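J.: predicted model and sequence below, questions to follow.
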Amino acid sequence: MAGEQVYFSLGSNLGDRKRNLERALRKMDKAFGCHWLRVSPFLETEAWGFDGAPFLNCAVLYELEEEPAQVLKKCKRIERRMGRRERLEYDAEGKRIYHNRRIDIDILLFGDRKVETPELVIPHPRMDERDFVKETMKFIKD
């Protein structure tokens, strides 16, 4: 079976941001057992959804034969190993409160699949609201 094209966005706004992105890409290669097909240039952007330090972001494309839930599990493991501590918080209106992070890995697209579980929604529901996603995806989309 041929793999599916899976698009991710990566972001970092703590520590050596460039090194964090490079390290996350190496860890993703190892976790998925393959090298990425395309990666965008790194792009600096203002924090999205909260007042924080600027982020360095990129988009990356892999071809994977794994199920979305397994891919998410591997991404979360990489985030934790790189020092991310998940603190999901919501304001009084139920909007998510975002925080600074050493690494953030989001699954944007997974082939033509649509996934809607409590843990994962694909396509990423806020993909079109984030200018950096649109900018970085230009570099790797067909």
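T.: All right, it came through fine.
J.: got the residue ranges for the helices in this structure?
T.: Assigned by DSSP state H, the chain shows helices spanning 17-32, 68-81, 131-140.
J.: ok, R26 - how many residues close by?
T.: R26: 12 surrounding residues under other Cβ atoms under 10 Å. From N, CA and C alone the C-beta is placed, and that goes for glycine too.
J.: which of the helices and strands in this protein ranks last by mean pLDDT?
T.: strand 96-97 (a mean of 68; mean pLDDT, DSSP states H and E).
J.: contacts only, for L64.
T.: For L64, the contacting residues are 3-4, 6, 32, 34, 71, by Cβ atoms under 8 Å, 6 or more residues apart in numbering.
J.: give me the buried subset of those residues.
T.: Burial by neighbour count, judged by 16 or more other Cβ atoms under 10 Å, picks out 4, 6, 32, 71 from the contacts of L64.
J.: ok, E135 touching L43?
T.: Yes: between E135 and L43 there is a contact at 5.7 Å, judged by Cβ atoms under 8 Å.
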